[in-house]
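Undergrad: Below are the sequence and a predicted model; questions follow.
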Amino acid sequence: MTPLLATPPLAVSPGHPLFGNQWLALLVILAGVAVFVCAVAAFGRWLAATHPPALEKIAPGRAATPASSGLRPELLAAICAAVNSDLGPGARIASVRPVPVKPPSVEGLMLQWAVEGRRQIYSSHKLR
């Protein structure tokens, strides 16, 4: 006679699902994931509420002028119109400044040539 081994209640024997039914086990796992996602979202909302983003302080009554931003007035008008149409009339533009453009590097140009060469090689192969 072989002795019976005591197994913990959550132990899984081979060939049998954890809770006796594979769909019930899947439901328990998905419910656990949903609870975890809700907890992370709640923690994120709590952090956002208690730690507001640090915005640059702008002097009240001082608006950006084309001379102070270094941009043409028609470009500033286009940016303001785009922000107004996308975010609504209550949106506020904190600052507008040009981004310096770097000339392309030799490595970047060589990479583009390599990608184009691969594209030509792959497009020359016939599909079966």
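TA: All right, it came through fine. Only a predicted model underlies this, so the values are computations on that prediction, with no experimental measurement involved. Numbers count the residues shown, from 1 in each chain.
Undergrad: Domains of the protein: list them as residue ranges, please.
TA: Split into domains by automatic domain parsing, the chain comes to 19-52, 64-95.
Undergrad: now those domains in TSV, with mean neighbour count?
TA: From N, CA and C alone the C-beta is placed, and that goes for glycine too. Shown next, in TSV, are the domains of the chain (neighbours: other C-beta atoms under 10 Å):
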stretch	mean neighbour count
domain 19-52	10
domain 64-95	11
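Undergrad: can you tell me which of those the model trusts least?
TA: When the domains of the chain are ranked by mean pLDDT, domain 64-95 comes last with a mean of 81.
Undergrad: what's the spacing between that domain and its chain's center?
TA: 26 Å (C-alpha atoms, centre = their mean, to the nearest Å).
Undergrad: do the same with stretch 22-37
TA: 25 Å.
Undergrad: Export it to CSV, keeping only CA atoms.
TA: Taking only C-alpha atoms (Å, rounded to 0.1, in the frame of the first residue of the first chain), the coordinates of stretch 22-37 have been written out as CSV:
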residue,chain,number,x,y,z
GLN,A,22,-10.1,25.9,-17.2
TRP,A,23,-12.6,28.8,-18.0
LEU,A,24,-12.9,29.6,-14.3
ALA,A,25,-9.1,29.7,-14.0
LEU,A,26,-8.9,32.0,-17.0
LEU,A,27,-11.6,34.3,-15.5
VAL,A,28,-9.7,34.5,-12.2
ILE,A,29,-6.5,35.4,-13.9
LEU,A,30,-8.1,38.1,-16.1
ALA,A,31,-9.9,39.5,-13.1
GLY,A,32,-6.6,39.7,-11.3
VAL,A,33,-5.0,41.6,-14.3
ALA,A,34,-8.0,44.0,-14.4
VAL,A,35,-7.7,44.7,-10.6
PHE,A,36,-3.9,45.4,-11.1
VAL,A,37,-4.6,47.7,-14.1
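Undergrad: Of the domains of the chain, give the one that comes closest to residue 109.
TA: Nearest of the domains of the chain to residue 109, taken as C-beta to C-beta: domain 64-95 at 29.2 Å.
Undergrad: before we move on, back to that, how about the domains of the chain in JSON lines, adding distance to residue 103?
TA: Converted to JSON lines, those look like this (distance: least, C-beta to C-beta, whole Å):
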{"stretch": "domain 19-52", "distance to residue 103": "39"}
{"stretch": "domain 64-95", "distance to residue 103": "20"}
